[in-house]
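Student: Any chance you can model this:
(one chain, ligands or ions: 1)
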Amino acid sequence: MKTALITGAAGNIGAAVAVALAADGVQLVLADLPAAVDGLAATQRRCEEAGSAAVVMAPFDVTDIDDVRSAVDTATAQVGPAELVFNNAGYQGQFSNIVDADPADVKRVLDINIAGVFNVLQVCAQRLRSVGRPGSIVNTASMAGVSGAPNMGAYSTSKAAVIGLTKSASKDLSPFGIRVNSISPGFIGPGVMWDNQVAQQAAVPSRYYADTPAAVAEQMVGMVPMGRYGSLDEVAAAAVFLLSDAASYLTGINLEISGGAA
Ligand code: NAD
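Tutor: Numbers count the residues shown, from 1 in each chain. Just a heads-up that it's a prediction; the model follows:
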């Protein structure tokens, strides 16, 4: 039976992937910030209902390497090393033109989305190497990192870095039998994240988006060749595929989940 560690498991995409893996009988280590423990508990309940054999909660901050090491070791003692890692915790940051970006918020975005993803990948790979087990790691990037989203300078930077990390780590970890890939969701909805995104883009004056959420929503959907946003289930299906043995010859790729938008 396989074990998966999922960061950002209290959030929308992390929970969707956790539930999908639970339905396949995977043992789960659900990780998120200590402050998100209620959200983690909600995901834990959904995973148990979906059929996971064991679900462990691991509250830790991905930006603190000591915290990552000790939480991963505690979880390993409970359910064994995680052969599957969904390295997904992230922070979108405040929307603004880059000339107005708040340096403290920029630092927070880069810390969580780059250093945090690096920390989790490194610690999980070290633990797998030490027991000689193969594995599959999927990092969550974003279409913002592929194409550069307006008013999201730090976020776009951080997600491009995740794609670079994915390609580099795939080379370093192939000798240990560990595959590393990333997913890049585009516009995903409906729900809080979609509403938040259109509201924030509408609130920032720019030549790219209108100034009402409804008009921004129409503009965004209009940019997608398939003419709609993607669902959480569609993101989860792509992540689960890359984690699984069905993707056994794939490493170092960035899978764009964007309905054809570039
Ligand atoms: P979300 O806000 O629902 O979930 C993100 C989770 O990460 C939260 O539960 C949060 O507590 C956790 N987190 C933040 N900082 C952390 C830290 N320092 N340590 C541990 N956990 C931390 O957002 P989501 O939509 O589920 O996003 C998940 C991932 O997908 C993120 O990396 C995000 O950038 C990416 N993404 C989302 C979309 C989208 O439209 N939702 C599109 C592209 C990429």
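Student: How about the contacts made by Asp233?
Tutor: Neighbour list for Asp233: 16, 20 [criterion: CB atoms under 8 Å, 6 or more residues apart in numbering]. From N, CA and C alone the C-beta is placed, and that goes for glycine too.
Student: From the ligand, how far out is the most centrally placed residue in the chain?
Tutor: Centroid check for the chain by CA atoms, centre = their mean gives Asn88 as the closest residue, at 2.3 Å. Applying CB to the nearest ligand atom, to the nearest Å, the value for Asn88 to the ligand is 5 Å.
Student: my guess is that residue meets Thr7, correct?
Tutor: Yes - in this structure Asn88 lies within contact range of Thr7 using CB atoms under 8 Å: 5.3 Å.
Student: so what sits against both of those two?
Tutor: Gly14.
Student: So for the residue nearest to the centre of the chain, what's the pLDDT?
Tutor: pLDDT for Asn88: 98.
Student: Same question for Ser52.
Tutor: Predicted confidence (pLDDT) for Ser52: 89.
Student: Return the set of buried residues in the longest helix anywhere in the chain.
Tutor: Scanning the chain for the helix with the most residues, using DSSP state H, yields helix 153-173. Buried positions in helix 153-173, judged by neighbour count with 16 or more other CB atoms under 10 Å: 153-163, 165-166, 169-170, 173.
Student: What of stretch 32-45?
Tutor: Residues 32-33, 36, 39-40, 43-44 are the ones in stretch 32-45 that count as buried (16+ other CB under 10 Å).
Student: now that stretch, how far from the centre of its chain.
Tutor: 16 Å (CA atoms, centre = their mean, to the nearest Å).
Student: Rounded mean pLDDT for that stretch, please.
Tutor: On average, stretch 32-45 scores 98.
Student: ok, the very next helix or strand once past the longest helix of the chain near the ligand or not?
Tutor: Going down the chain from helix 153-173, the next helix or strand is strand 178-185, by DSSP states H and E. Yes - shown here: strand 178-185 in contact with the ligand (CB under 6 Å from any ligand atom) through Pro185.
Student: Over to stretch 50-57?
Tutor: No - Stretch 50-57 stays clear of the ligand (CB under 6 Å from any ligand atom), getting no nearer than 12.5 Å.
Student: what's the answer for stretch 99-118, then?
Tutor: Yes - contact of stretch 99-118 with the ligand (CB under 6 Å from any ligand atom) involves 112, 116.
Student: Kindly export that stretch (C-alpha atoms) in PDB.
Tutor: Presented in PDB, the C-alpha positions along stretch 99-118 are these (Å, rounded to 0.1, in the frame of the first residue of the first chain):
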ATOM      1  CA  VAL A  99       5.800  49.000  -9.400                       C
ATOM      2  CA  ASP A 100       3.400  49.000  -6.500                       C
ATOM      3  CA  ALA A 101       4.200  45.600  -5.100                       C
ATOM      4  CA  ASP A 102       4.700  45.500  -1.300                       C
ATOM      5  CA  PRO A 103       8.200  44.100  -0.600                       C
ATOM      6  CA  ALA A 104       7.100  42.200   2.500                       C
ATOM      7  CA  ASP A 105       4.300  40.400   0.500                       C
ATOM      8  CA  VAL A 106       6.800  39.700  -2.400                       C
ATOM      9  CA  LYS A 107       9.100  38.000   0.100                       C
ATOM     10  CA  ARG A 108       6.200  36.000   1.500                       C
ATOM     11  CA  VAL A 109       5.200  34.700  -1.900                       C
ATOM     12  CA  LEU A 110       8.800  33.800  -2.800                       C
ATOM     13  CA  ASP A 111       9.400  32.100   0.600                       C
ATOM     14  CA  ILE A 112       6.300  29.900   0.500                       C
ATOM     15  CA  ASN A 113       6.200  29.100  -3.200                       C
ATOM     16  CA  ILE A 114       9.900  28.700  -3.900                       C
ATOM     17  CA  ALA A 115      11.800  27.900  -0.600                       C
ATOM     18  CA  GLY A 116       8.800  26.000   0.700                       C
ATOM     19  CA  VAL A 117       8.400  23.800  -2.300                       C
ATOM     20  CA  PHE A 118      12.200  23.300  -2.400                       C
END
